[in-house]
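Predicted model follows, preceded by the sequence.
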Amino acid sequence: MKGSVRDLGCPDRCVAAAEVLVSGGEVAAEAIVRELADELSPVRWMDAVPVLQRIGDAAFDCLVQGLLDASTATAKDRVGLAFTRLGAGFLDRYVTAMSHTSALVRCQALVGIRLCEGAVVSTVSDLLPLLGDSDPEVAQQAQDTLAIRGKEIEAGLVPLLQQIRREGPGRQRARALTVLAALGGETVLPAQDVAAIERLVRVKLPDDRPTALWACWNHWIAVPSGDQAGIISILGLTDPRPVTFALGNDIVDSDGHDDEPGSHGRFARVFVTPELDGWTFVLGAWCDPCDAERSEDVLRLCTRLSARYGHAEAYYYGAQGDGSAWLVTEHGKVLRRYSETGDGEDHVLTLGDPLPFEQERREELGLHPVWDAALESEDDSDAWQWAAFELAPQIAQHLGTSPLHIGSETTSRGVGVIALTPYGVAHGVPTGAYRV
């Protein structure tokens, strides 16, 4: 039997091996699960799952036992990957497993349900009690499953969650609030919950200290002024609401991940900081100086800001090696715009002469301070591109300061706010649960 199991990973023998194993029933399922629990085995979960599906309930039971018997984290992961991907044909078995005495089995059953599209419709009454599970990881998995898959039945699920918020059980209430926020945002939260959140923000604000503002994709406008109200007015922002640094950063980071087709969610809100060492920052994807949809408007707005405050900058920096862009304006004129993100159209955004900092960095790389096609080899161009990918935060620091590098020692005056952009007014804002 072991030879047949190993053959599942061999393209020229896998079909014949599968037939042998399916006919072997429970004995074969046990052999497959033992193989999956072997960290050194070449057999992968995707090789094993089709056979386990065909064996049926006996295979499900063997996988449950395999989870319980696995002696290492890697073994648990390998068996768990197969267990959670058996599919909708095992939905009833997953529901039963959610009441297993083992927290690990309950957890993995929840993942299996989450991976079955449409499963929440028929399992919601079984999922809700697990929001109050005694094991935090199980409760978290229940929360994630309802938040991710709950959109499928939002109209029916929201009233149930609202009822839990009003009437309990108490152990389910906190996670019910998080799921509600993820599904419908503030519009579906009970009024008393909205009021409680606003009170919590007010309580935290007096002791709130600046913290580095990082996201997966960082976009910001920087103005050397503490005139938060004036900056908000020039940018055309509305409905400013006080937030802590953690909440402001969490909202714009979450919005930046909104990639639903046709959605403008990532442009809906910005975080406008209090005055920090003499600067005000506006953060959010709406501030992107190199986005195809936003670049010209950001240039226009920065030009207006600089006409009033003498200077304004806009930046993009991808924290995962996704490149940099910078825009520098002064007294109503553009000094420089440059983008290096790996996009073949980056060059069309270039305006103005290289900044002194750019020239210095090029000289450090042994390049001519100003790019010249006649003097630049392909290797030179590559060297500059790789260097420029990381340059936005350095330029920001050189010209003033950066929201990526502020900290508790930064002098702060005023209160930060989340404000709606024209996109947010027109299209609404994404839903989500955030840190306060």
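Looks like it arrived, so ask away. Residues are numbered from 1 along each chain as shown.

ok, which stretches of the stretch 51-200 of the chain are helices?
Secondary structure of the stretch 51-200 of the chain by DSSP state H, counting those that start in this stretch: the helices cover 57-69, 73-83, 91-97, 103-114, 119-127, 136-149, 154-167, 170-184, 191-204.

now swap in the stretch 201-350 of the chain and tell me
Under DSSP H, counting those that start in this stretch, the stretch 201-350 of the chain gives helices at 228-235, 245-256, 295-309.

for these, which one ends up most surrounded?
helix 245-256 (a mean of 22; mean count of other CB atoms under 10 Å). Yep, even glycine has a C-beta here, placed from its N, CA and C like the rest.

Mind giving me the packing neighbours of that one?
On a contact count with 3 or more CB pairs under 8 Å, 6 or more residues apart in numbering; DSSP states H and E, helix 245-256 meets strand 269-272, strand 280-283, strand 417-420.

Reformat these as a markdown table; add distance to Glu363 and mean pLDDT.
As requested, those are exported to a markdown table (distance: least, CB to CB, whole Å; pLDDT from 0 to 100):
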| stretch | distance to Glu363 | mean pLDDT |
| --- | --- | --- |
| strand 269-272 | 36 | 98 |
| strand 280-283 | 30 | 98 |
| strand 417-420 | 41 | 98 |
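
Nearest to Val51 among the helices of the stretch 51-200 of the chain would be which one?
Checking the helices of the stretch 51-200 of the chain against Val51 by CB to CB gives helix 57-69 as the closest, at 7.9 Å.

what angle sits between that closest one and helix 103-114?
Interaxial angle, helix 57-69 versus helix 103-114 (axes from the mean of the first three to the mean of the last three CA atoms, to 10 degrees): 130 degrees.

I'd like the helices of the stretch 51-200 of the chain laid out as JSON lines, including mean neighbour count and distance to Ser324.
Below are the helices of the stretch 51-200 of the chain laid out as JSON lines (neighbours: other CB atoms under 10 Å; distance: least, CB to CB, whole Å):
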{"stretch": "helix 57-69", "mean neighbour count": "20", "distance to Ser324": "45"}
{"stretch": "helix 73-83", "mean neighbour count": "20", "distance to Ser324": "36"}
{"stretch": "helix 91-97", "mean neighbour count": "18", "distance to Ser324": "46"}
{"stretch": "helix 103-114", "mean neighbour count": "23", "distance to Ser324": "36"}
{"stretch": "helix 119-127", "mean neighbour count": "18", "distance to Ser324": "41"}
{"stretch": "helix 136-149", "mean neighbour count": "20", "distance to Ser324": "33"}
{"stretch": "helix 154-167", "mean neighbour count": "16", "distance to Ser324": "39"}
{"stretch": "helix 170-184", "mean neighbour count": "20", "distance to Ser324": "32"}
{"stretch": "helix 191-204", "mean neighbour count": "13", "distance to Ser324": "33"}
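
which one of those helices lies closest to Tyr316?
For those, the distance to Tyr316 is smallest for helix 170-184, at 27.4 Å, taking CB to CB.

Only alpha carbons, please: show that closest one as PDB.
Provided in PDB are the C-alpha atoms of helix 170-184 (Å, rounded to 0.1, in the frame of the first residue of the first chain):
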ATOM      1  CA  GLY A 170     -22.100  37.500  26.400                       C
ATOM      2  CA  ARG A 171     -19.200  35.400  25.100                       C
ATOM      3  CA  GLN A 172     -20.300  35.900  21.500                       C
ATOM      4  CA  ARG A 173     -20.900  39.700  21.800                       C
ATOM      5  CA  ALA A 174     -17.400  41.000  21.100                       C
ATOM      6  CA  ARG A 175     -16.700  39.000  18.000                       C
ATOM      7  CA  ALA A 176     -20.300  39.600  16.800                       C
ATOM      8  CA  LEU A 177     -19.400  43.300  16.800                       C
ATOM      9  CA  THR A 178     -16.300  42.700  14.700                       C
ATOM     10  CA  VAL A 179     -18.200  40.600  12.100                       C
ATOM     11  CA  LEU A 180     -20.900  43.300  11.900                       C
ATOM     12  CA  ALA A 181     -18.300  46.000  11.200                       C
ATOM     13  CA  ALA A 182     -16.600  43.800   8.600                       C
ATOM     14  CA  LEU A 183     -19.900  43.100   6.800                       C
ATOM     15  CA  GLY A 184     -21.700  46.400   6.900                       C
END
